[in-house]
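S.K.: From the sequence below, what's the structure:
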Amino acid sequence: MKTLRGMHDLLDQDALLFEEVISYITQIAKKYSFQFARTPVIESVSLFNSTLDIDTDIMSKEIYTFTDKSNDLVALRPEFTASMMRLFANNNFKSYKNIFTYGPLFRYDRPQKGRYREFYQINFEILNTDSYISDVHIILLIDEILSYFGIKYSLELNTLGFPESREKYELKLKEFFIAHKESLSSESQSRLENNKVLRILDSKLDIDKEVVSKINFKILDFLTKKEKDFYNKIKDLLSEAKITFIENEKLVRGLNYYNNTIFEFISLEDNLTIAGGGRYDAGKFLKNKFVPSVGFAAGIERMISLIKKKKNIQVSIEYGIYLMNFNAERYFFHSLKFTKSHKIYNSSIKLNKFIARCQKENIKHICIIGDKEIEENLFEVKNLLTQKKISYNKEELKEVI
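M.R.: Next up is the predicted model:
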């Protein structure tokens, strides 16, 4: 039986890379003082209705919803930030908080390369901080992750300002797009009618890109001095840290809750976004006072697809143990304790097949245990790569394995 369309299994190298990515993410999170948090896969639909614009593709086309046995309308989470804000509200976090998580998300999206209906992301949030240092902190963290895995990227950076400045920009955009309405796609015309003009800048259609290219003003023209200073300090500090970036005034991101800084890390390998995020007001999620925050999400499957092109990871087992008879099996389970990875074989397969399997499975060392070895208290360990053999007594073998 096949998996459902848009779903996928993880096995062999992909599964190993998944483990390696999660292991390093956990390590880097500790380095940057982020605490792990976990939220449920299923949430109330109302959570996402209250935090994500209905006009976004997530809410209008992609979210998985269903009525459970209690007749409650629930959803498989399509993104992390809304759930993390619910967590923030329910636990009355009042101080500065760095939290991260990872896990599956679900969107009824058209399956294509690197995009699944069940997909995994990592997610980092710095909550309740109005310091531009936090924006730089987040970007440096992403750079360190991608550099560790050898992923080459282009960083695109922009600012959307606070709502007051952005509204003036949007009004000017609306005037411009009304004047060019007939040249826009039907989708962008619909966004224009629904006052979603920033989303037109994000259109991937050539017909819209041509119109957008004629815009002769920028968001920076509408920002206050305070907003410009905030943005400029981020750029200055990134330059000091030798992080190369491209200012893209057309970058808006797909979600509607961003304020000020936004960014995307785009793979130079396939021109797809690996990680993206920015600054937002968590108070919008919490129906509370202004809670300045910044965060990002990155797709694990996309990272894996890029890492696979650069490194070949295989299962690495230290010891293959061949137990020649029942007496050897009894001895092994009674007298020997392993601390290193190992795989056990017995006389259900022939000795030559045992050696062949160990070589095929990239097992590093083999040890054969039978009556002779037990009686003489001498156990030979063979390195399959160098063919070097070393003999140990039982106490020495315990230290080795």
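S.K.: Please enumerate the helices of the stretch 1-150 of the chain.
M.R.: If you assign secondary structure with DSSP state H, counting those that start in this stretch, the helices in the stretch 1-150 of the chain sit at 12-31, 45-51, 57, 81-90, 132-148.
S.K.: Now the closest residue to residue 151 other than its chain neighbours: which helix or strand?
M.R.: Leaving aside its chain neighbours, residue 151 sits nearest to residue 306 (5.0 Å; criterion: C-beta to C-beta, 6 or more residues apart in numbering). For glycine as for every other residue, the C-beta is placed from the backbone atoms N, C-alpha and C. Element membership of residue 306, judged by DSSP states H and E, is helix 300-308.
S.K.: helix or strand right after that helix?
M.R.: The C-terminal neighbour of helix 300-308 among helices and strands, as given by DSSP H and E, is strand 317-323.
S.K.: hmm, who's touching that next one?
M.R.: Applying C-beta atoms under 8 Å, 6 or more residues apart in numbering, the external contacts of strand 317-323 come out as 329, 332, 338, 340-347, 351, 354, 357-358, 361-370, 381, 401.
S.K.: how about a cut-off of 7 Å?
M.R.: Here strand 317-323 makes contact (C-beta atoms under 7 Å, 6 or more residues apart in numbering) with 329, 332, 340-346, 351, 354, 358, 361, 363-369, 401.
S.K.: what does stretch 207-223 give?
M.R.: Stretch 207-223 has contacts (C-beta under 7 Å, 6+ apart) with 159-161, 165, 168-169, 172, 176, 180, 183-185, 188, 200-201, 203, 228, 249-250.
S.K.: Now intersect those with the helices, please.
M.R.: Counted as lying in helices by DSSP state H, out of those, are 165, 168, 169, 172, 176, 188, 200, 201, 228.
S.K.: Pull out the buried members of the residues you listed.
M.R.: Neighbour counting with 16 or more other C-beta atoms under 10 Å marks 165, 169, 172, 176, 188, 200, 201 as buried within the ones in helices among the contacts of stretch 207-223.
S.K.: what sits against the fourth one?
M.R.: Going back to what we said before, that points to residue 176. For residue 176, the contacting residues are residue 215, by C-beta under 7 Å, 6+ apart.
S.K.: same question, the second one
M.R.: With contact set as C-beta under 7 Å, 6+ apart, residue 169 has these partners: 219, 222.
S.K.: now do the first one
M.R.: If a contact means C-beta under 7 Å, 6+ apart, then residue 165 has 222, 223, 224, 227 as its contacts.
S.K.: Now with 8 Å, please.
M.R.: Applying C-beta under 8 Å, 6+ apart to residue 165 gives the contacts 219, 222, 223, 224, 227.
S.K.: number of nearby residues for the fourth one?
M.R.: If you count neighbours by other C-beta atoms under 10 Å, residue 224 ends up with 12.
S.K.: Okay, the closest residue to it other than its chain neighbours and residue 155: tell me how far apart.
M.R.: Among residues not flanking residue 224 along the chain, residue 165 sits closest, at 6.1 Å (C-beta to C-beta, 6+ apart). Note on residue 165: its distance to residue 155, by C-beta to C-beta, to the nearest Å, is 23 Å.
S.K.: now swap in residue 31 and tell me
M.R.: According to C-beta to C-beta, residue 31 and residue 155 sit 20 Å apart.
S.K.: In terms of packing, which of these two has more residues around it?
M.R.: Neighbour comparison, residue 31 and residue 155: the larger count goes to residue 155, with 19 against 10 (by other C-beta under 10 Å).
S.K.: For the chain, which residues score under the pLDDT cut-off?
M.R.: Counting by pLDDT under 70, the chain has low-confidence residues at 50-61, 93-96, 112-114, 254-256, 284-288, 312-315.
S.K.: Per the annotation, how does it divide into domains?
M.R.: 12-162+224-308, 163-218, 317-400 (automatic domain parsing).
S.K.: Point out the one among those domains that comes closest to residue 2.
M.R.: Between residue 2 and the domains of the chain, the tightest spacing by C-beta to C-beta is seen for domain 12-162+224-308, at 12.9 Å.
S.K.: Can you give me the end-to-end span of that closest one?
M.R.: Across domain 12-162+224-308, the terminal residues are separated by 12 Å (C-alpha to C-alpha, to the nearest Å).
S.K.: quick one: the helix holding residue 306 to chain centroid distance?
M.R.: Mean-position distance between helix 300-308 and its chain equals 10 Å (C-alpha atoms, centre = their mean, to the nearest Å).
S.K.: can you check stretch 218-228 too?
M.R.: With C-alpha atoms, centre = their mean, you get 31 Å for stretch 218-228.
S.K.: Now do the buried residues in it.
M.R.: For stretch 218-228, burial by neighbour count (16+ other C-beta under 10 Å) applies to 219, 220, 222, 223, 227.
S.K.: now stretch 28-40
M.R.: Using 16+ other C-beta under 10 Å as the test for burial, stretch 28-40 gives 28, 29, 34, 37, 39.
S.K.: how far is that stretch from where the chain is centred?
M.R.: 13 Å.
S.K.: cool, and stretch 202-209?
M.R.: What separates the centre of stretch 202-209 from the centre of its chain is 27 Å, taken as C-alpha atoms, centre = their mean.
S.K.: Next one: residue 26 relative to residue 124, how far apart?
M.R.: In this view, residue 26 and residue 124 are 12 Å apart by C-beta to C-beta.
S.K.: same question, residue 258
M.R.: Residue 258 sits at a distance of 15 Å from residue 124 (criterion: C-beta to C-beta).
S.K.: between those two, which one's more packed in?
M.R.: Just comparing residue 258 and residue 124: by other C-beta under 10 Å the higher neighbour count belongs to residue 124, 28 against 21.
S.K.: Please determine how far the more buried one is located from residue 341.
M.R.: In this view, residue 124 and residue 341 are 31 Å apart by C-beta to C-beta.
S.K.: Name all residues that make contact with residue 104.
M.R.: Residues counted as contacts of residue 104 (C-beta under 8 Å, 6+ apart) are 41, 118, 119, 120.
S.K.: related to what we said a few turns ago, make TSV out of the helices of the stretch 1-150 of the chain and add distance to residue 109.
M.R.: Listed next are the helices of the stretch 1-150 of the chain as TSV, based on distance: least, C-beta to C-beta, whole Å:
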stretch	distance to residue 109
helix 12-31	20
helix 45-51	15
helix 57	8
helix 81-90	18
helix 132-148	23
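S.K.: And the strands in the stretch 201-350 of the chain?
M.R.: Under the criterion DSSP state E, counting those that start in this stretch, the stretch 201-350 of the chain carries strands at the ranges 246-247, 258-267, 273-281, 292-299, 317-323, 342-346.
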